[in-house]
Every structure is written in structure tokens, then in C-alpha cells.
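>>> here are the coordinates; sequence isn't available:
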């Protein structure tokens, strides 16, 4: 069996990230958790994950900056799924302009997230 | 002993002012002493609380995740889930632990939907947490009532609608606010009916919160802003205008135009913005006809509105204002002019001498 | 002749006594008012969910205006921290006030800035631009605007920001302040909540960040610094913000909001002419002027106050800088009170003229002078062998105990509300400061106030030197 596919998850709600970690590891992915944008960038640079999940509103470095860093500074094509809160349509547009692959609006269903991840990592 | 006696003697022989000073000294000393003891108690109490809170929080988070992932498809509630429900139930009698449990549930509830969300909901009912929230509604303390309503909103408990609606005229602003949020969060546009009855002002903060909630609903089902546009409560009128803007209530066109004669300037200014966004062109000639009577702020708002619906007919009107003393009016008039007829703009751009005019023209030529 | 001198002594003694008693009385009253207001505030805000409004695009727009003078060392990090606020509808205007270092170059490089065409409605006259106005090409930093202008002092830089801002509210801050992420929505709340009263400005609390651990623009750990001077200031700030200003906000009598973090209704700030570039106390002066303006308009208005610890900044950690900072504050107060003396004791200005102004004059402006006069008078009495030492001792003990008690009440109120100093042992430490501060720090405050008075009346040159540099608390300390 090949090595597990790695996913970096940047999310400041610890409960949500442990829930998703639990769920996604059951699906056979390796999860790397960051609770802020800066740590997410460090993890991305170090582990070169197959997929990135990031919240938009995060302390210090926002999700937007994570996307822009991945696309323009690291020149990586890794798929990125953004989590946004309701009413952040404008920011979501910006995220897409920066190169986000997909977005999910909070509250979202973890099952749906799994389906989207599977599609992207097929 | 001796010392003490002589001190009292000394005091008795002192002038009253010195007696007073010594009295103050003893009061201050005593207060300092009590405060220090209280401070010591308070600090260790707070520190312990925090530590305990952390431990419980971790415990409940773990409980919750296990609960969520130990469901199965055959049973409503799996045996493992029942164990956790029973465990939590035991902790509910302690208000401190109860509040941590509620917070833990909410921490996740706000972020996820679907099956897991339903499971959390089930947990809220099964543990009996809901009963505690409902009993808060009957409290004598207003902030307890407000907190109760908030919790019921967060857990989407539609069943208590009739009880919550009785708070519509609660004397405390915060309680009314929570009630309004409850209605809109749970019943979306239908919940706005309270606006018909609202006597108290709806602050901008309240309005933003309500609009934020409404934006989460996709069903932009029919709602009629017309009665609210006619409300005697000015804040309701402004709120209705914001609704008209966001939900493009073009069918209220006639009522909106009527509002141009409203006595409240704030409403008229907000209205001009909305009319521009809805592209209601007829409004232009109405305002133009008594433009000179408008306040400067209204005039600026009107020019901003004109920018949103430029028409070549406006040229003569605009030309009157390109040399207006107000920077914003001048800028808007020139910008608009350039949009509708660049050759007229090019003729007139050389005809101004004041520095602002020149700067504006220069800027418009580059952009 | 003999009798006359005795009478004079008696009168003087009474003046001092009455002053002391009113001071104590006013502090007690302020503490009580502050307690009721704090309780009301905590209840009201205990269940507000700020998350619901922070992401709203309908929420009104805010500009953060931060003047910078030779801040090259930390400017990149500071700007980043300002850009990470959890409010959506805001921009950050960094006004580089003629810095002589490489601040601008650093900003251009770090944030991919390019020069842009920007039409400024110059409603307040300011010093001209130098390199111009810059914005980022990276959409992630689209909130950032950098203005490079010729040096004109802090007030002038803030005015440039006011001219530039297209937003309804402006938050004026020191660039090296650490703002918590929820700072903007908490500050803007009073403006949006009020329906019948116009909120013209809102002031925040300044907390001292010395020895605190700040990582990635976030406050990680709150510590108590080691030096007596720093600790003394912490206690002083807690007293001033949690007891003093809280009470004055209840009375709607705030005459100053801290220059390090305050929010304004931009329209009114511009209408009164912006910041005064001729004073070293521009933060107090603008509030007094805005209030005066509103009183003259006979409009119902309020200066709001947010007691939450939202803004953290470094305080001077050596006596030299501390003294020069307080010296400047003293002169700022004198200038403002003198400039607006028509307000004082004027019934037309209602409580502002009859309560706030006199209080500031007697208990803030004159307190250090009266203290020194008292000492001089005491010296004379000693020389004349007129002193009843036992009475003196009683008075001194009373005054000292009251000071200590007031500090402890302030500490208690901090514990009951925000409880920022959580670590074990700090409680004892704070108590120790309450007892020691009257000897260790207070004399320096009085000393700098007196020097400030002397500088104000006899040394006008000093002021101008400062104004063109930066006249800021923070330049000197780094």
C-alpha cells in the first residue's frame, strides 16, 4: 500500500478540527492540524500535502493569505477547500480569485466534505 | 493595655478633627484588611474555576465526539450513545458544569450541519438541557431571560414560540433584541412580522444582526415591506429600506417614491441610495424639482444616486454643479458628466481654475 | 501683625484640608459610580455574540489610522497585526510621517505595494505628500493603504488619514499597539446601538504589554513585569481606566480618550477641523473640542467607553523616558484646558462646563502643584517650629491608607471583571505594589508634572522640537 494521502487542516475551532480529523482519518487520510494560518503555512511547506482545508477567518494570517502563499509564493497546485461563514460571499469570491478550488459554507455537513475530498483526491 | 488607655486619653484630648482622622484611619485599615482577604479568596477561586473548566471542557468534548461517532443506522440511539447521555445527565444539576456542556455543544453546532447536527439536537433533548433553558424564560432577572432566549435560538427550539413572543414588549432592550433574533433565526422572513407592532427603536446594530440572519436563508419568499415603509417608527422605515435594497423590492416602487417627502432627513438620504440601486429613474426629476431646498448631505446623496443611473438628459443639470463649492458634489458632477458625454467634459475641463477642480479633472482623466 | 499671620496660616490650612477631603470624597464617589456602571456593562455584554456581526458586509466601514515615525524595526509585524482584525468592512491607513529610516521601503517590499492614483478631499490642511499613496497588488492585503508624507507630527499624520478615509468611522491608534481581533466590532458597537443619542467618539482601555509574550501579532501570555516603574504604571492604568474613566463614562463626562486607541465619527471629527497640530495633547484636545462643538449645536451626544482590554502597548521602562512622557502629558492637559477655558464654569456647556472641566482643572491639572505647595508650606511650618508632629503623622497615615485602599479596590475590580493577571503570585505582587507605589513611582509623577509646568510656561522651544519629531510616547522607548 502506498503512503497515506496527507491533508492540512487550518481551523481555529479545536472541537471541529478534532471531529474532522477523527472522521477523515477513518477514511484513510493523514491529517495535519493547524490552529492558525501561520502554522498552516509551515505545515504545508514541510509536508507538501495532497489537499488543503482552510477556514477563512483565522487569527494572524487569514485563509486568504494561506491561499495566496500556496499559489504565488510556493507555486503549488494543491487543491484548496475554503470554509466560510454565512454572509462572507465577497470573501469567497476573493478566495476563488486567489485560486481556491472549492468552498464550503459553515455550518456544513462533514459527510459532504468527505465526498468532495474524495472527488478531488481521486 | 496601658498604651491603649493612653491612646484613648490622647484622642479625647485632641481636637475633633484629629479624632475624625483617626476614625478614618481605622475604617481604611479595616477595609484594606477585608479587601486583601477577599482578593486572596477571589484569585484562588477564579484560578481553580479555570482549571476545572478546562478539564471538564476536554472531557465533554471527548464525550461529544464519541457520542457523534457511535451512532448506528438501525437504532434511534445506540447503547453507547445512551451511556454518554446518562453520564451527561448526571452533571446537569451543577449549573457550572451545565454551562460548559451547553458551550461545548454550541461550539460544534454552529459549524456543522446534516446528520451530526441532528445528533447534537437529539442530545440536547435527551439530556433534558432544553428544560433548563425554558425555565430561564420565567426568571425575574432580565439577563437570565435574555440568555434563555438566546440558547433556545441557538438550538432552534421552535416549540416555545408562543412563550417567547410574549416578551415583545419587555422593558429591557436586550431581552427584546433576543426575542427578535429568535423569531428571525427560526422563522426567517415570517419572523419579521413583529415589525408591525414594534414601538421601540430598532438600532443599527439590531438591524445588521437581523439582516445577517436573514442572509442565511435562501428562501426569499414573499414578504411585503410596504406596511413597514409607512410605519410611524422611523427605525422600522430605515430597516425596510435596507430590505428593499438587499432583496430588490421593485414592486414597492410607488411607496418608495412617496417616501421622498418624508420628514426625516436620515430616511430621505437612505432612500436616495436605495432608489439609485433599484434604478428608479423617475425619482430623479422629483428631487431635481426642489433640489435647492435639500440639505447638503441630501444633495451629495442625490449626486451619488445619479452616478448609478447616468442619462444624457442630465447634462444641463450637471453643468450647473461642476463648479459647486462642495468637493464631493463637484467630483460627482464631473464624474457623471464624463460618463454621459466625454466631449462636453473635455470642453468644460479647462474652464475651472480652483485647485480642487483641477485635481479632480486630472484624476478623472487618469482613471 | 502677629494675629494676621496666624490667620493666614489658618486659612491656608483650611484650604489644604478642604482640598484633601474633596479629593478623597470624589474618589469614593467615582469608585461607587464605576462599580454600578461596571456591573451593568458586564451584564449587558455577557451574552452578546460578537461573532454574528464581525463577518457582516452590511456593517459600517471603519478606517484604522496609524501614524508611524521611524518605526522600521517593527513596522512589518505591526501592520500585519492590524490587518488581522476580525472585522470585514475596514481598511488600514498607515501614515508614514516623514520617517528618516527605511520604513517605506520595507513596507513596499513586504506587502507588494505600488503607487496609486488617489483623489484626496483635503478637508483638513496637512503637510504635503512625499512619495505618495501606495496599495498592495496582492488581494490578500487589499485593506492596506500606505501614505508617505512629509513630517508634521502625530496630529498632522492623523489628519492626513482623516482626509484619506472614505469610511464612516475612524479608529486612531499608535502603530505599535497590539489590537485584539475583536477590537473593532466592540468599539463600533456603541455607535450603532444608540438610537436617540449621537455617539461622537469611543475610547478604549490601554493595557501594558511589558513582559507579556506576543507571538505572531497575538497576545499569548500576560505577565507582570519585573521593574517597579512598570508595575507601578500597571496599577496606575488599572485605577485610571477601570475606576476613573468607567465612572466618567457613566456621567457622560469623559474629556479624554487615549490617543493609543480611540474611535471617532469621521464626519464630526472633520467638521471640527481634525486634530490640533499645535498641541502636544492632541488626543485630549480633539475630544474637548468635539464635545464643545456638540454642546454648542445643542445636540444630544455621548462619548462612549469600552472597558474591555482590547489594546496592549509598551509603557516606558526607564525613568528618563517615563518623566519625559508625563512631562508631555502635563503640558498637553494645560494647553487643552487653557485653549478651551471658556467652557470651564460655563453653564451653557452644562455638565461639561460645571463638572468635567472643573474636575480636570482641580484634580488633574492642579493636583501635583497643590501637592508641592503643601510640601513647601509644611517646610515653612517646620522651619517656624509650628508643627504638631503627632497630627502630621495622623494625616499622613490617613492619606497613605486611602491611596492603598483605592488601589486595592481597583485591583479587586480588575479581578472581578477581566482577570487578566491569572498567574499564581501576581495577586500578592499587585498588593505589594499598592503599598509601595506611593513612594516608588508617585514622586516621579509629581516631579515630571512640575517640570512640565515649568517647561510650559518658560521653555516654549522644547515643544517645537518635539512636535516636528514625533511627539509620541513610543518613539523613544525602543
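Nice, thanks for sending it over. Note that this is a predicted model, so its numbers are computed, not measured.
>>> helix, strand or coil for the closest residue to residue B:196 other than its chain neighbours?
Leaving aside its chain neighbours, residue B:196 sits nearest to residue B:227 (6.4 Å; criterion: Cβ to Cβ, 6 or more residues apart in numbering or on different chains). For every residue, glycine as well, the C-beta is placed using N, CA and C. Here residue B:227 is helix, with the state taken from DSSP: H, G, I helix; E, B strand; the rest coil.
>>> And for the one 4 residues further on?
Here residue B:231 is coil, with the state taken from three-state DSSP.
>>> Over to residue 111: give its phi and psi.
Unless you meant another one, I'm taking chain A. Residue A:111 adopts backbone torsions of phi -60, psi -40, taken as degrees, to the nearest 10.
>>> wrong one, chain B
Torsion angles, degrees, to the nearest 10, at residue B:111: phi -110, psi -20.
>>> what number of residues lie near it?
Residue B:111 is flanked by 23 other residues according to other Cβ atoms under 10 Å in any protein chain shown.
>>> same thing with residue B:214?
The number of residues packed near residue B:214 is 20, by other Cβ under 10 Å.
>>> That one against residue B:181, yeah?
No: at 10.9 Å, residue B:214 and residue B:181 do not qualify as touching, with contact defined as Cβ atoms under 8 Å.
>>> What residue in the stretch 151-300 of chain B comes nearest to chain A?
When you check the stretch 151-300 of chain B against chain A by Cβ to the nearest Cβ, the closest residue turns out to be residue B:216, at 4.4 Å.
>>> what about the longest helix in chain A?
Longest helix of chain A, by residue count under DSSP state H: helix A:14-26.
>>> contact partners of that one?
Applying Cβ atoms under 8 Å, 6 or more residues apart in numbering or on different chains, the external contacts of helix A:14-26 come out as A:7, A:9, A:11, A:31, A:33, A:35, A:53, A:110, A:113-114, A:117, B:61, B:64-65, B:68-69, B:104, B:107-108, B:111-112, B:116.
>>> What of stretch C:309-316?
C:173-174, C:176-180, C:182-183, C:186-187, C:204-210, C:212, C:214, C:219, C:229-230, C:233-234, C:237, C:258, C:260-261, C:322, C:325, C:418, C:420, C:473-474, C:476-477.
>>> ok, 6 Å please
Residues outside stretch C:309-316 that contact it (Cβ atoms under 6 Å, 6 or more residues apart in numbering or on different chains) are C:177-180, C:183, C:204-210, C:219, C:233, C:260-261, C:322, C:325, C:418, C:420, C:477.
>>> Tell me the spatial nearest neighbour of residue A:90, not counting adjacent residues.
Nearest residue to residue A:90 in three dimensions, chain neighbours excluded: residue C:57, at 5.7 Å (Cβ to Cβ, 6+ apart).
>>> Setting aside sequence neighbours, what's the nearest residue to the residue nearest in space to the middle of chain A?
When chain A is reduced to its mean C-alpha position, the closest residue under Cα atoms, centre = their mean turns out to be residue A:53, at 0.8 Å. Distance criterion Cβ to Cβ, 6+ apart; nearest residue to residue A:53, sequence neighbours excluded, is residue A:9 at 4.6 Å.
>>> Provide the secondary structure category for that neighbour.
strand.
>>> same check, this time on residue B:60
helix.
>>> element containing the closest residue to it other than its chain neighbours, please.
Spatial nearest neighbour of residue B:60, chain neighbours left out: residue B:104 (4.4 Å); criterion: Cβ to Cβ, 6+ apart. Secondary structure from DSSP states H and E places residue B:104 in helix B:95-109.
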